[in-house]
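Asker: build me a structure from this.
(chains A and B)
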Amino acid sequence: MRHMLSIGDLSREDIERLLGTARALEGPDPLPVLRGKLVLNVFYEASTRTSSSFELAAKRLSGSTTTVRSSGSSTDKGESLKDTVLTLSAYEPDVIVIRHPQIGAPAFVVRLTDAHVVNAGDGKHQHPTQALLDLYVLQEAFGRLEGLHVAIVGDVLHSRVARSLVQALRLVGAHTTLVGPPALLPRGIEQLGCEATSELGAIAAADVVYVLRMQRERMLPGASYVPSLREYGARWGITPERLRPGQKVMHPGPMNRGVEIDARVADGPDSLVLRQVRAGLVVRMAVLHDLVAAGAASRLGAVA
Amino acid sequence: MLVCRNGRSDSLTLEGRLPGERCVAVTVQDGFIARIEPGGSSRAVRDNLVLALAFVDPHVHLRTPGREDEETIASGTAAAAAGGYCAILAMPNTDPVVDSASVLRGLLETARREAVVPVGFMAAISRSLEGEELTELGELADAGAAAFTDDGRPVRSAGLLQRALQYGAVTGRTLALHCEEPTLSRDAHVHEGAVSAELGLAGYPSVGESTMVERDLALAAYEGRPVHLMHLSARESVEALARARDAGVQATGEVTPHHLCLTDLAVRDLDPNVKMNPPLRTERDRQALLDALRDGTIGAIATDHAPHAREEKDVPFEAAPFGVTGLETAFAALYTHLVEPGLLTLETLLERMSAGPARALKLPEPRLEVGARANLVLLDLEAEWTVTTEGFRSRSANSWLLGEKLHGAVVATVADGRLVHG
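Answerer: Predicted coordinates:
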């Protein structure tokens, strides 16, 4: 792989290879895969999980890494993304990990640098490493991906997580149902290979209920995607009563407890949320490994 | 010589095959067509040189005044000459807006000095394009406004549009309308459909254009005044235009080369040079536009040439402004994408780029007859060239065709009797 921009660029083989690499990278010992390599994280949006896990992943693979954030950087002085990337490219990074609020930012960065580029989230478009770590958790929890049924519930319209995950689940032969208020289900989304409905009852048939973060900032009065946040919670909030016993629950974080997800569900025995966080580390290690060390599968035998 | 200057500055002869016809030699003297004779040279046939009426572009952004770094009257009209155009109309959404006779007079004065081909200027319908108060339409018409438009925006208020239509009885000018319902296109970057769903970009649905088309046509019918619908992009808009024309409404329409050649699938690579408003829509829309162009429902091809500074487009897709250039590529793009594959005849393409737009905006029609002002273009259909950022006369290079190999080139352009290219 040259870059990791969108799940849409991957094949099923790519995904299986990456998940296999991640499994082989489990364990506490540092590996020398990225020795002498530089991974630059460039974050133009707030992030806890993604930025920390990319940093840790690079370090666990013996690479150098640093994170540049838009606040406190030259961006505050009006420097354009182009100039920031050209400046950072002068350090000759092997990988640039970019999170940016504007759709198309990673594709733009690719045109400016020789480094491998990883999309760590671009606006509402894609967050491919999140989808990969979600697959990793599903594979761990169910022992398979083929034929799984995942219901993704909430604000699909504004969710890069949903877009990436729908594509990823389709690639591995799993089945997806999107559930949410009508105005938050983007028109045409079925053509990505999923079903879409506003009936919460559709979650009953799913093996997993994947709850999306309700983006409060988008629910300001006047936006009218839903009449109110309260009405959203009442109709689409995931409570213990709305789940089957044993039905697994996932959430990409950060959670709005009491809005899209009841605290009893978030902290309950069927919640896979913390496993998702943990998987973020090995999956991002696998992505860095795959980009920098070409022919990942063969080399892995040596490091695992 | 296929363009022969005949040894004097005020006389030249062009030789080429008339589309689908014989080879002729047209002699231009003192700016007028003096003779049309059977072509003597077989080279014109062998080289597949076509002699046609020069093109008219009813929709160009010259960015002057205000953004002369992106385009000037000199550079924009030089680009037009290179593209085979003998006349263009510039849009008034400049800074300041062309909403007063003084701004318009200044432009006409500059154009007299530096325009390479004749350029007309549309003036704004509403002051500052805000859609609230009419400009002084009568004074602007007297000062030389070619037509009126709020292009870049719709005329927001139906009441104001009605008043502007009524006042057309005084000015005699056509209203050129940008049809977009802003509450349905808010924050949008692309067509609403499978591609916007996949990319996460907010979508501008077809119905956002067609509801405004329907409103504007209803008002035009009620007031019995002519309207010209700009850069149509949606099937539903075309259907509304066809119905209105059948019912006798004086309505014309235009379509851009990019809407005829591309669909929203082209946006999936997130290249800012395929970002424009109205957005590229689906294959069904493209086919409807093409059908309408063939049957004459849409009589005009307009480039909507919209130059942007390099740094403005050198940003992520979502941050990029709308608009692409088109003057220097329109013919070759349409010849390559539509005529060569057999989707459109050369004759129809040439008509929709020349007499069609001239009629729609009530401009003088280029004519091929002795005594007519010479407005001619010589086209080499066998030429192959690649579009590059360095090759433009325009000050901007935000073309959707960069890197593409095109067939068909403009060899020479005669505009208003003068050889302006070739």
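Asker: any stretches of chain A with poor pLDDT?
Answerer: Where chain A drops to pLDDT under 70, the residues are A:218-221, A:294-304.
Asker: now do the stretch 51-200 of chain B
Answerer: Using pLDDT under 70, the stretch 51-200 of chain B has no residue that qualifies.
Asker: ranges for the strands of it?
Answerer: Taking DSSP state E, counting those that start in this stretch as the criterion, the stretch 51-200 of chain B carries its strands at B:55-60, B:85-90, B:119-121, B:148-149, B:175-177, B:190-191.
Asker: of all the ones you listed, which lies closest to chain A?
Answerer: Nearest to chain A among the strands of the stretch 51-200 of chain B is strand B:190-191 (9.6 Å), distances taken as CB to the nearest CB. Glycine gets a C-beta too; all of them are placed from N, C-alpha and C.
Asker: report all helices and strands that the closest one contacts.
Answerer: Judged by 3 or more CB pairs under 8 Å, 6 or more residues apart in numbering or on different chains; DSSP states H and E, strand B:190-191 is in contact with strand B:203-204.
Asker: list the helices and strands the helix or strand that the strand it packs on is followed by packs on?
Answerer: Later in the chain than strand B:203-204, the nearest helix or strand by DSSP states H and E is helix B:206-223. If contacts are counted by 3+ CB pairs under 8 Å, 6+ apart, helix B:206-223 sits against helix B:158-171, strand B:175-177, strand B:227-229, helix B:235-246.
Asker: repeat the analysis, applying 7 Å as the threshold.
Answerer: Contacting helix B:206-223 under the criterion 3 or more CB pairs under 7 Å, 6 or more residues apart in numbering or on different chains; DSSP states H and E are the following elements: helix B:158-171, strand B:227-229, helix B:235-246.
Asker: can the strands of the stretch 51-200 of chain B go into JSON lines with extra columns for mean neighbour count?
Answerer: Output for the strands of the stretch 51-200 of chain B, formatted as JSON lines (neighbours: other CB atoms under 10 Å in any protein chain shown):
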{"stretch": "strand B:55-60", "mean neighbour count": "30"}
{"stretch": "strand B:85-90", "mean neighbour count": "28"}
{"stretch": "strand B:119-121", "mean neighbour count": "23"}
{"stretch": "strand B:148-149", "mean neighbour count": "29"}
{"stretch": "strand B:175-177", "mean neighbour count": "27"}
{"stretch": "strand B:190-191", "mean neighbour count": "26"}
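Asker: could you export those as TSV, including distance to residue A:36?
Answerer: Compiled in TSV, the strands of the stretch 51-200 of chain B are given as follows (distance: least, CB to CB, whole Å):
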stretch	distance to residue A:36
strand B:55-60	55
strand B:85-90	57
strand B:119-121	60
strand B:148-149	61
strand B:175-177	62
strand B:190-191	42
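Asker: so which of these gets nearest residue A:271?
Answerer: Residue A:271 lies closest to strand B:190-191 among these, at 36.7 Å (CB to CB).
Asker: how far does that closest one sit from the chain's center?
Answerer: What separates the centre of strand B:190-191 from the centre of its chain is 21 Å, taken as CA atoms, centre = their mean, to the nearest Å.
Asker: name the nearest residue to the closest residue to chain A within the stretch 1-150 of chain B, sequence neighbours excluded.
Answerer: Closest contact between the stretch 1-150 of chain B and chain A, by CB to the nearest CB, is at residue B:69 (16.7 Å). For residue B:69, ignoring the flanking residues on the chain, the nearest one in space by CB to CB, 6 or more residues apart in numbering or on different chains is residue B:309 at 5.8 Å.
Asker: surely the one you found meets residue B:68?
Answerer: No. Under the criterion of CB atoms under 7 Å, residue B:309 is not in contact with residue B:68, lying 10.8 Å apart.
Asker: ok, the residue most central in space within chain B - contacts?
Answerer: By CA atoms, centre = their mean, the mean C-alpha position of chain B lies nearest to residue B:302, the distance being 2.2 Å. Residues in contact with residue B:302 (CB atoms under 7 Å, 6 or more residues apart in numbering or on different chains) are B:57-59, B:230-231, B:254, B:256, B:357.
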